[in-house]
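Asker: Let me see the structure of the following:
(2 chains)
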Amino acid sequence: MMEIRGTGIGQGVAVGPVVRMAERLPEPVDRPSHLDPQREGERARASLSVVAAELANRGATAGGAAKDVLEAQAMMAEDPSLIDEVTKLLDTGKTAERAVFEAFAAYRDLLAGMGGYMGERAADLDDISQRVIAHLLKLPAPGVPNPGHPFVLVARDLAPADTAMLDLDQVLGLVTVDGGPTSHTAILAREKSIVAVVGAADAAALADGDTVVVDAAGGLVISSPTPEQVADANARIAERAALQSAPVTPGALADGTPVPLLVNLGSADGAAEALKLGAEGVGLFRTEFLFLGHDTAPSVRDQQEHYTRLLRAFAGKKVVVRVLDAGADKPLSFLNAADEENPALGLRGIRALRHSEVILREQLTALAAADAATDAEVWVMAPMVATVDEARYFSALAKELGVRVAGVMVETPSAALIADRVLAACDFASIGTNDLTQYTMAADRLLGTVAILQDPWHPAVLRLIGEVGAAGAELGKPVGICGEAAADPLLAVVLVGLGATSLSMSPSALADVRASLARYSPDDAKALARAALAAEGAAEAKQAAEAAASEITASRATAS
Amino acid sequence: MVERTVRIGSTHGLHARPAKLFTQAVAASGSQVTVQKTGGSPVNAASILAVIAQGIDHGDEVTIVVDGGDEQTVLDELVELLGTDHDE
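Answerer: Numbers count the residues shown, from 1 in each chain, chains lettered A, B, ... in the order given. The predicted structure is shown next:
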């Protein structure tokens, strides 16, 4: 039995055999081949054509948009120009592996240099190159394995495309060696309700076929578990299944104080599922997907159509839309400057929009029109606000263009510290805990090496949230939470204790948070918040809140 | 050998799906075909990598040269393909 620590995503538990994802192959060594160029050429062409056939097959199975992408990749694997290039390289005495590597790399660099859409295709070429080299070396192809039975996937990290393609009937759980709690892998895992532990450094030692218990709630992976541990895990899996099927009620504390439970959505597609799980509205609708992958902003009409589709699904409910948040990890060629040394601290969010105001005006116009055409209650908010001036600017522009309720996201310590003045300049605030934590702790949220600092339980972060909550209560303005912190059932109670009036999360987290809130009164929530605020670090804050929570539960048990 | 110059109709230029459809049609035609962006040099039109590496955008003019096979029919077909907006 061995315990491996990491960061758990969600509250789930899984038990199953490990299947490791093949790691990226090293660059083939540039050494003279001991075969003649003709023989190496046969090897290269054979592997290229096997990989092309595999990609075409995968495309046929996937269908839809993936089919086109995979068919194009299959054509690239058998591209005549590429084969010419490989042949030329082989004639200089290189091995097939090296020639394939260099030929793909040359095209990869060419496309990467073109930027934009072409730049994104560069990664496709890397992937094809890896597959061909793996075939030449008779090694497993990189990518998500398909062993034909349910398994726990262990990987160094997953590309977003890999995470999106996971077959959820087969993948019981996910363990990554790298990656922090707010890496995109973690966010996707949470969105798809995959039981996951990320940043588990020692998981690198796990071998194919090992049985493991993945305990996301405990941030723990147990290898070679005892029969008791397996039985316990299975009991918890059954318990959670029961919880998920519990009746869906509006979010409220034990005394009935409502705490609306909203969801974070990235497109209109997830609406039906979210409503089924009891979403009382949308607390964060991300609009980037409408813009990403485009060379220019979509037209007002296209935008309005999509917003209308989402708003129809949430008729009579609140929908908080975040205007385009480009920059840092999600750059857009038409909005963001090409090279910034610190993009997370650069021209992003409202700063970038203010710089290209026409894009913001068009988006607000489309949102106001969609609002007028539907029965949903539309609130619009600006990302990355750091000053009162930005809040006032956004609010005035939104109102001018017909938006009824305009607010700001609090993601910077500056906005939190002067929340009273920021809130006075707009209608509401919504706290993005991921970025607020990143900026408070000065730790890049995408960097595994500093993932330990990316913890919203840190009392410094909680104190800033408390400032915003207090300002909201004073001015009678709503303060929502739309970061991943709201999905943590105990932290959710602390956030309410700090003054949050609504919580927005992945739909998959609703049931756990709903059950947790119902256990505590408003005074309990304040007591939990006080305990966490007084701690010296993130882990201590969590422990203090847990201790306060058990005390409350224990005193209830004695009283009843 | 026949040739014609045509303006690209696809909103996103000759990238991704339109490039795939174009090179697939070239490969299926059996003719030797080159495509040349105005100001550039001619490349093998059956090579998707060579085609997308030209960075041909919406509205750009390209010259197609067809050699061998049913030249005129192949040329007409390819010209029509390039003039259509596949991204709508």
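Asker: so where is chain B shaky, pLDDT-wise?
Answerer: Where chain B drops to pLDDT under 70, the residues are B:16, B:86-88.
Asker: how does it look with 50?
Answerer: Within chain B, the ranges that satisfy pLDDT under 50 run B:88.
Asker: what number of residues lie near residue 28?
Answerer: All of this refers to chain A. Applying other CB atoms under 10 Å in any protein chain shown, we find 19 residues neighbouring A:Pro28. Just so you know, the C-beta spots here come from the backbone N, C-alpha and C atoms, and that holds for glycine as well.
Asker: not what I meant, chain B
Answerer: Counted with other CB under 10 Å, residues neighbouring B:Ala28 total 11.
Asker: tell me which element it is part of?
Answerer: Element membership of B:Ala28 [criterion: DSSP states H and E] is helix B:16-29.
Asker: What is that helix packed up against?
Answerer: On a contact count with 3 or more CB pairs under 8 Å, 6 or more residues apart in numbering or on different chains; DSSP states H and E, helix B:16-29 meets helix A:64-77, helix B:48-52, helix B:71-83.
Asker: Mind listing residues that contact the next helix or strand after it?
Answerer: Counting by DSSP H and E, the element after helix B:16-29 in chain order, helix or strand, is strand B:32-37. Strand B:32-37 is contacted from outside by B:26, B:42-46, B:51, B:54-56, B:60-68, B:74, B:78, using CB atoms under 8 Å, 6 or more residues apart in numbering or on different chains.
Asker: Let me know the angle separating strand B:32-37 from helix B:16-29.
Answerer: Put simply, strand B:32-37 runs at 150 degrees to helix B:16-29, going by axes from the mean of the first three to the mean of the last three CA atoms, to 10 degrees.
Asker: need the contact list for A:Leu495.
Answerer: A:Ile465, A:Ile481, A:Ala485, A:Ala486, A:Leu503, A:Ala529.
Asker: mind listing which of those are in strands?
Answerer: With DSSP state E as the criterion, strands contain A:Ile481, A:Leu503 from among the contacts of A:Leu495.
Asker: returning to what we had before: between the helices and strands packed on helix B:16-29, which one is closest to A:Val493.
Answerer: Closest to A:Val493 of these is helix A:64-77 (CB to CB; 41.1 Å).
Asker: Can you tell me what sits against the very next helix or strand once past the closest one?
Answerer: Next helix or strand after helix A:64-77 toward the C-terminus (DSSP H and E): helix A:80-91. For helix A:80-91, contacts defined as CB under 8 Å, 6+ apart pick out A:33, A:37, A:40-41, A:44-45, A:48, A:76, A:96, A:98-100, A:102-104, A:106-107, B:43-44, B:46-47, B:49-50.
Asker: Check the offset of the helix holding B:Ala28 from the chain's centre.
Answerer: 8 Å (CA atoms, centre = their mean, to the nearest Å).
Asker: Also stretch A:14-24?
Answerer: Put simply, stretch A:14-24 sits 21 Å off its chain's centre (CA atoms, centre = their mean).
Asker: And for stretch A:343-363?
Answerer: 22 Å.
Asker: Could you pull out the buried residues of it?
Answerer: A:343-344, A:346-354, A:356, A:359-363 (16 or more other CB atoms under 10 Å in any protein chain shown).
Asker: For chain A, which residue gets nearest to chain B?
Answerer: With CB to the nearest CB, the shortest gap between chain A and chain B falls at A:Ser81, namely 3.8 Å.
Asker: Contact partners for the closest residue to that residue other than its chain neighbours?
Answerer: Residue nearest to A:Ser81 in three dimensions, not counting chain neighbours: B:Ser47, with 3.8 Å by CB to CB, 6 or more residues apart in numbering or on different chains. B:Ser47 makes contacts with A:Asp79, A:Pro80, A:Ser81, A:Leu82, B:Thr23, as judged by CB under 8 Å, 6+ apart.
Asker: List, one by one, the residues from chain B near chain A.
Answerer: Contact residues (CB under 8 Å from any CB of the partner chain) of chain B with chain A: B:12, B:15-17, B:19-20, B:23-24, B:43-44, B:46-50, B:52-53, B:55.
Asker: redo that, cut-off 7 Å
Answerer: Those residues of chain B that sit near chain A, judged by CB under 7 Å from any CB of the partner chain, are B:15-17, B:20, B:23, B:44, B:46-50, B:52-53, B:55.
Asker: can you redo these as JSON lines with distance to A:Leu324?
Answerer: Compiled in JSON lines, these are given as follows (distance: CB to CB, whole Å):
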{"residue": "B:His15", "distance to A:Leu324": "23"}
{"residue": "B:Ala16", "distance to A:Leu324": "23"}
{"residue": "B:Arg17", "distance to A:Leu324": "25"}
{"residue": "B:Lys20", "distance to A:Leu324": "30"}
{"residue": "B:Thr23", "distance to A:Leu324": "34"}
{"residue": "B:Asn44", "distance to A:Leu324": "40"}
{"residue": "B:Ala46", "distance to A:Leu324": "40"}
{"residue": "B:Ser47", "distance to A:Leu324": "37"}
{"residue": "B:Ile48", "distance to A:Leu324": "32"}
{"residue": "B:Leu49", "distance to A:Leu324": "33"}
{"residue": "B:Ala50", "distance to A:Leu324": "35"}
{"residue": "B:Ile52", "distance to A:Leu324": "28"}
{"residue": "B:Ala53", "distance to A:Leu324": "31"}
{"residue": "B:Gly55", "distance to A:Leu324": "26"}
